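> No sequence on hand, only this structure:
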Ligand code: EPU
């Protein structure tokens with residue numbers, strides 16, 4: 001097979017492929033449906049620059065991409081193991097994340113219900129170790145299967161080898177691997193444990209919430225707080241929550257005595273980026289076509305620009321305002337290309 005026989009498109013607009021809806025063009029674009037198709041494409045385009053896209057919900061473009069964009073489209077949920085306690089499921093990278101969560105809740109498999117309604121594809125879940133309401137993808141991931149772009153071979157990563165951290169994994173820095181499927185271990189026996197204030201509050205009237213009730217509560221909280229990408233383009237949380245040392249925490253408390261803190265490992269404390277942005281006066285503030293969402297200060301929303309530079313400029317302004325006021329540098333969680 002040569003280039004002409006492959007399902008490759010040229011000069012493709014990336015606006016539909018990033019949830020911020022910024023405009024850029026990719027020289028080549030493909031969405032392989034099988035591992036074999038992906039391997040053939042990799043061989044044929046081995047000299048090309050490559051970028052892998054999921055649903056594009058955590059990134060945006062500021063310039064054209066002069067290479068090949070790969071959007072893995074391998075789908076399917078396969079039962080690998082089952083005991084009286086758990087199931088191991090192998091899920092194609094191209095499966096919609098929330099469809100997979102719904103599948104698990106329907107079957108009574110617990111572990112990812114707190115990650116309901118997170119936009120994106122299954123293949124993107126390990127990359128930034130998606131997390132919400134006291135749960136992270138890493139808690140249920142057993143294995144990540146990928147193809148090594150450099151060798152064209154299959155490679156599997158155990159949970160430990162993925163080096164997961166807060167919104168972090170080796171896949172974030174090592175762009176040499178294309179995730180083809182992810183293996184999750186889910187529990188067949190569900191018992192609700194209180195992990196997150198917002199969720200406990202929503203569960204207040206229910207003594208023994210079911211898996212379905214937890215999913216529904218999460219959907220209610222998220223729909224209320226986070227803007228719909230179809231109505232107001234955005235990429236979810238724009239910044240990471242900063243992790244401070246004991247000393248930095250004390251310094252911040254002098255300026256903001258009410259600042260929230262969550263323990264985050266050894267002598268480390270996570271604080272809320274949303275809180276800092278709000279206290280810097282940016283919640284609901286709009287500059288031209290870009291602004292901070294009125295109901296949640298961690299979300300940058302696009303009111304109508306196609307130019308990713310406008311978002312970057314606004315990001316710099318927010319970073320500078322927070323740094324000047326509170327001596328903390330916010331770092332983007334969203335990937336910028
Ligand atoms: N807060 C404010 N102002 C606001 C919003 C929040 O001060 O406008 C403060 C409050 O003190 C609140 C605290 O921030 O109690 C935490 O807010 P929230 O529960 O909404 O969580 P978050 O820290 O802002 C993180 C994740 C979200 C995830 C939620 C729920 C990151 C970068 N973000 O946000 O993930 O849904 O927790 O667990 O860790 C995403 O990554 O795209 C994302 C949406």
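Noted; the coordinates are in hand. Every value quoted in this text rests on a predicted model; they were computed, and no experiment measured them.

> For the residue in the stretch 1-150 of the chain that the ligand sits nearest to, grab phi and psi.
With Cβ to the nearest ligand atom as the measure, residue 132 is the residue of the stretch 1-150 of the chain nearest to the ligand, at 3.7 Å. (C-beta placed from N, C-alpha, C; glycine too.) When quoted as degrees, to the nearest 10, the phi and psi of residue 132 stand at phi -170, psi 150.

> Can you give me every residue that contacts it?
Residues in contact with residue 132 (Cβ atoms under 8 Å, 6 or more residues apart in numbering) are 114-115, 118, 218, 222.

> Now which of the residues you listed would you call buried?
Buried members of those, counted by 16 or more other Cβ atoms under 10 Å: 114-115, 118, 218, 222.

> Residue numbers of the stretch 101-250 of the chain in contact with the ligand?
Neighbours of the ligand within the stretch 101-250 of the chain, by Cβ under 6 Å from any ligand atom: 132-133, 198, 225, 236-237, 240-241.

> ok so, going back, would you list the buried ones among the contacts of residue 132 in a markdown table and tack on secondary structure?
Below are the buried ones among the contacts of residue 132 laid out as a markdown table (DSSP: H, G, I helix; E, B strand; the rest coil):
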| residue | secondary structure |
| --- | --- |
| 114 | helix |
| 115 | helix |
| 118 | coil |
| 218 | helix |
| 222 | helix |
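
> Relative to residue 18, which of the residues you listed is nearest.
residue 118 (16.4 Å; Cβ to Cβ).

> If you count neighbours, what's buried in stretch 96-106?
Buried residues in stretch 96-106 (16+ other Cβ under 10 Å): 96-98, 100-102, 104-105.

> now swap in stretch 314-334 and tell me
Neighbour-count burial for stretch 314-334 [16+ other Cβ under 10 Å]: 314-315, 318-319, 321-322, 326, 328, 330, 332-334.

> hmm, back to that, sitting in strands, which of the residues of the stretch 101-250 of the chain next to the ligand do you find?
132, 236-237 (DSSP state E).

> Going by proximity to the ligand, name the top residue of this structure.
Counting by Cβ to the nearest ligand atom, the chain gets nearest the ligand through residue 236, at 2.5 Å.

> Setting aside sequence neighbours, what's the nearest residue to residue 162?
Once flanking residues are discounted, residue 162 sits nearest to residue 169: 4.9 Å by Cβ to Cβ, 6 or more residues apart in numbering.

> low pLDDT regions in this protein?
Applying pLDDT under 70 to the chain flags residues 1-6.

> so how many other residues sit close to residue 13?
For residue 13, the count of nearby residues is 11 (other Cβ atoms under 10 Å).

> Tell me how many other residues crowd the residue nearest to residue 162.
Under the neighbour criterion other Cβ under 10 Å, residue 169 is assigned a count of 22.

> Against residue 124, how distant is it?
According to Cβ to Cβ, to the nearest Å, residue 169 and residue 124 sit 11 Å apart.

> Outline the domain layout of the chain.
3-70, 77-223, 228-336 (automatic domain parsing).

> would you list every one of the helices in this structure?
For the chain, the helices defined by DSSP state H cover 35-44, 97-107, 170-173, 197-202, 211-225, 246-255, 273-279, 308-326.

> do you know which of the ones you listed lies nearest residue 146?
The closest of those to residue 146 is helix 170-173. By Cβ to Cβ, the value is 7.9 Å.

> and residue 157, what does it touch?
The neighbours of residue 157, taking Cβ under 8 Å, 6+ apart as the test, are 143-146, 170.

> before we move on, what about residue 261?
Residue 261 touches 244, 249, 269-271, counting by Cβ under 8 Å, 6+ apart.

> so what's the residue nearest the centre of the chain closest to, chain neighbours aside?
Nearest residue to the geometric centre of the chain (Cα atoms, centre = their mean): residue 130, 4.8 Å. Of all residues not flanking residue 130 in the chain, residue 137 sits nearest, at 4.9 Å (Cβ to Cβ, 6+ apart).
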